[in-house]
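Trainee: Have a look at this fold, sequence not included:
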């Protein structure tokens with residue numbers, strides 16, 4: 001995502017932990033710790049352990065049982081949760097501002113004092129296995145995960161975030177402790193706050209709870225860099241009713257300036273607006289699909305662009321043909337100045353609306369610190385979008401949408417269902 005921050009301040013403790021503060025007039029505050037570790041940092045055979053760790057962080061600390069962890073904020077109307085992606089893990093909370101210290105103390109207790117009881121680990125394995133099964137029951141989720149594994153084959157970036165049935169069953173308490181020791185270090189942690197408390201108060205609490213975190217090393221292990229490979233085209237038969245199709249390729253990283261051009265191009269082609277070209281042509285004009293979209297996700301050293309749709313099998317070839325037509329238009333036909341200005345306004349407006357979700361803004365604050373070591377302002381983001389020209393979009397389209405780079409994955413109904 002493009003990230004926007006206003007009135008933000010950044011601090012760094014002597015041990016390397018960073019904090020980013022952003023003011024928001026609401027009486028509700030949000031805070032999070034983002035850790036620069038995710039699926040791609042997992043050792044071979046331990047796929048999904050970053051996500052599993054996120055689960056068992058809530059299973060008891062040196063001074064709290066699991067139910068006490070869960071009730072600490074719930075009893076005062078707050079919320080605490082966590083998530084894992086391919087490159088980061090986040091524990092985040094939302095609460096009335098008066099409970100700021102309670103929230104920060106709880107998050108640090110979870111991160112630094114979790115005990116990982118063996119009984120809780122074994123019980124939580126069943127929860128995660130059920131989560132994996134629920135994804136396998138959802139062809140849209142499954143095809144997205146499988147395609148990422150196809151694109152990033154041979155690199156941990158392609159590991160399934162949830163892991164596999166066999167990897168989850170084999171985790172031990174010692175595996176969790178080793179993973180923390182190897183990856184959870186001061187320079188990998190960013191504390192982010194968005195709320196109405198004075199920056200001085202938040203900074204004082206940050207210093208109180210993060211100055212002496214119990215990690216010995218100062219830097220995490222180096223990630224295995226992704227090396228591009230031919231993606232290929234795969235077709236699988238599944239016990240499903242619709243055909244599901246996704247195509248795509250590797251794309252720009254989070255530090256590549258061309259990513260702004262691809263964000264705009266993606267928004268035009270198949271972004272969330274109902275007026276996207278794919279939606280207007282394939283859904284509205286022909287009625288071939290209920291759901292079609294494109295997406296661009298940048299990572300630290302690469303990125304992923306893909307197009308997805310679900311349709312009746314009899315409409316699949318026609319839909320793919322129409323997708324290719326729209327993609328080729330982006331490569332060959334210049335967008336008029338008037339149209340381009342409209343597309344820019346649409347993207348800028350969508351970003352401004354997204355900023356209303358202060359919890360997401362707070363999390364994106366932290367991601368910006370990890371990626372750039374500084375906040376990115378709304379003004380800077382708008383300027384970057386406004387500088388784009390039709391030539392930039394054509395150049396990006398031809399660089400990303402080369403036939404030799406694109407791959408695909410198709411799920412078709414099993415013959416008995418067809």
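Mentor: That came in fine, so what should we check first? As the structure is a computational prediction, the values presented were derived from the model and not from experiment.
Trainee: which residues of the chain score low on pLDDT?
Mentor: 1-7, 214-221, 416-418 (pLDDT under 70).
Trainee: Spell out for me which residue occupies the centre of it.
Mentor: residue 85 (5.2 Å; Cα atoms, centre = their mean).
Trainee: List the residues that contact it.
Mentor: If a contact means Cβ atoms under 8 Å, 6 or more residues apart in numbering, then residue 85 has 38-39, 161 as its contacts. (C-beta placed from N, C-alpha, C; glycine too.)
Trainee: Closest one of these to residue 101?
Mentor: Among those, residue 38 lies closest to residue 101 (Cβ to Cβ), at 28.7 Å.
Trainee: where do the strands sit along the stretch 201-350 of the chain?
Mentor: 233-238, 243-251, 289-298, 303-311 (DSSP state E, counting those that start in this stretch).
Trainee: taking the contacts of residue 85 one by one, which sit in strands?
Mentor: With strands taken from DSSP state E, there is no overlap with those.
Trainee: With neighbour count and distance to residue 399 added, can I get those residues in TSV?
Mentor: Listed next are these as TSV, based on neighbours: other Cβ atoms under 10 Å; distance: Cβ to Cβ, whole Å:
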residue	neighbour count	distance to residue 399
38	25	27
39	25	27
161	20	28
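Trainee: just these now: which is nearest residue 182?
Mentor: Distances from residue 182 to the contacts of residue 85, taken by Cβ to Cβ, are shortest for residue 38, at 13.3 Å.
Trainee: re the thing from before, JSON lines please, covering the strands of the stretch 201-350 of the chain and showing distance to residue 186 and mean neighbour count.
Mentor: JSON lines is the format used below for those (distance: least, Cβ to Cβ, whole Å; neighbours: other Cβ atoms under 10 Å):
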{"stretch": "strand 233-238", "distance to residue 186": "42", "mean neighbour count": "14"}
{"stretch": "strand 243-251", "distance to residue 186": "31", "mean neighbour count": "23"}
{"stretch": "strand 289-298", "distance to residue 186": "25", "mean neighbour count": "19"}
{"stretch": "strand 303-311", "distance to residue 186": "28", "mean neighbour count": "24"}
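Trainee: Turn those into TSV, columns for distance to residue 134.
Mentor: Below are these laid out as TSV (distance: least, Cβ to Cβ, whole Å):
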stretch	distance to residue 134
strand 233-238	16
strand 243-251	17
strand 289-298	19
strand 303-311	18
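Trainee: Identify whichever of the ones you listed lies nearest to residue 202.
Mentor: That would be strand 289-298 among the strands of the stretch 201-350 of the chain, by Cβ to Cβ, at 29.0 Å.
Trainee: Need the residues that contact that closest one.
Mentor: 140, 251-254, 256, 259, 262-263, 266, 269-272, 276, 278-279, 282-283, 303-311, 315, 319.
Trainee: can you rerun that using 6 Å?
Mentor: In this structure, residues lying in contact with strand 289-298 by Cβ atoms under 6 Å, 6 or more residues apart in numbering are 251-254, 259, 262, 266, 269-270, 278-279, 282-283, 304-311.
Trainee: Neighbouring strands of it in the sheet, and parallel or not?
Mentor: Partner strands and pairing direction for strand 289-298 (DSSP bridges) are strand 303-311 (antiparallel).
Trainee: my read: residue 30 touches residue 194, true?
Mentor: Yes - if you go by Cβ atoms under 6 Å, residue 30 and residue 194 touch, sitting 4.8 Å apart.
Trainee: Overlap in contacts, the two.
Mentor: Common neighbours of residue 30 and residue 194 (Cβ under 6 Å, 6+ apart) are 358, 362.
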